[in-house]
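In: Just to be clear, the model below is a prediction. Sequence and coordinates:
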Amino acid sequence: MSQRWGNTWTIFAMVALIGPCPAYAQAPSNLPGEARTILAEIEQSCRSFGGRVTFNEGFVQQADFNGDGKQDYVIDWGMPTCSTASAGYCGSAGCMQSVYISNAAGYLSGVDFYGLTPRIRMRQSRPILTLDVTEGSESWGWTGKAFTKLPPAGATAIKPSQSRPKARRSN
């Protein structure tokens, strides 16, 4: 297993306390190669604890973030669950969310965020990724080369060079 994901035993370190929710016995087969490799590691780790992996609803979401006509994938690593242990992809900053952006060579990987409840929404006719984080929520949009944190909907970003209006003094 790659060092990025740590030791196998840490993936399923505590007992799962999962309520009933829609689930899938297998992950979608059309995932990018790196995502399938990580899933195989998760399944192997769960089997080593005598369990079986379930891929809960919301595990994979799709959108065309870069506008190339091909689906890009958002993987919520907090959603695979093991029947005998819990996943190690969540912590105090939330769960790891990996985004795979399609390109000519296949998929750009390594675009990872931490948060909860990933949602794909439309803003100005473009899909954006919104995550719940410790301070509320954050939205991210694709700029053509990378994801950029977006200002809240309806807010206008102030450039550092712009001066802010001076406060009026009352007498």
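Out: Thanks, I have the structure now.
In: Give me the below-cutoff pLDDT ranges for this structure.
Out: Scanning the chain with the threshold set as pLDDT under 70 gives 1-28, 86-88, 110, 154-171.
In: report the longest helix in it, please.
Out: helix 33-48 (DSSP state H).
In: Need the CA coordinates for it. CSV is fine.
Out: The C-alpha coordinates for helix 33-48 follow below in CSV (Å, rounded to 0.1, in the frame of the first residue of the first chain):
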residue,chain,number,x,y,z
GLY,A,33,-7.5,3.7,-12.2
GLU,A,34,-6.0,5.3,-9.1
ALA,A,35,-9.4,5.3,-7.4
ARG,A,36,-9.9,1.6,-8.2
THR,A,37,-6.5,0.8,-6.8
ILE,A,38,-7.3,2.6,-3.5
LEU,A,39,-10.7,0.8,-3.4
ALA,A,40,-8.9,-2.5,-3.7
GLU,A,41,-6.7,-1.6,-0.7
ILE,A,42,-9.8,-0.7,1.3
GLU,A,43,-11.5,-4.0,0.4
GLN,A,44,-8.4,-6.0,1.3
SER,A,45,-8.0,-4.2,4.6
CYS,A,46,-11.7,-4.8,5.5
ARG,A,47,-11.3,-8.5,4.5
SER,A,48,-8.2,-8.7,6.8
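In: Which is the succeeding secondary structure element to that helix?
Out: As assigned by DSSP states H and E, the chain's next helix or strand after helix 33-48 is strand 53-56.
In: so how far is that following strand from its chain's centroid?
Out: Centroid separation for strand 53-56 versus its chain: 16 Å, with C-alpha atoms, centre = their mean, to the nearest Å.
In: Thank you, goodbye.
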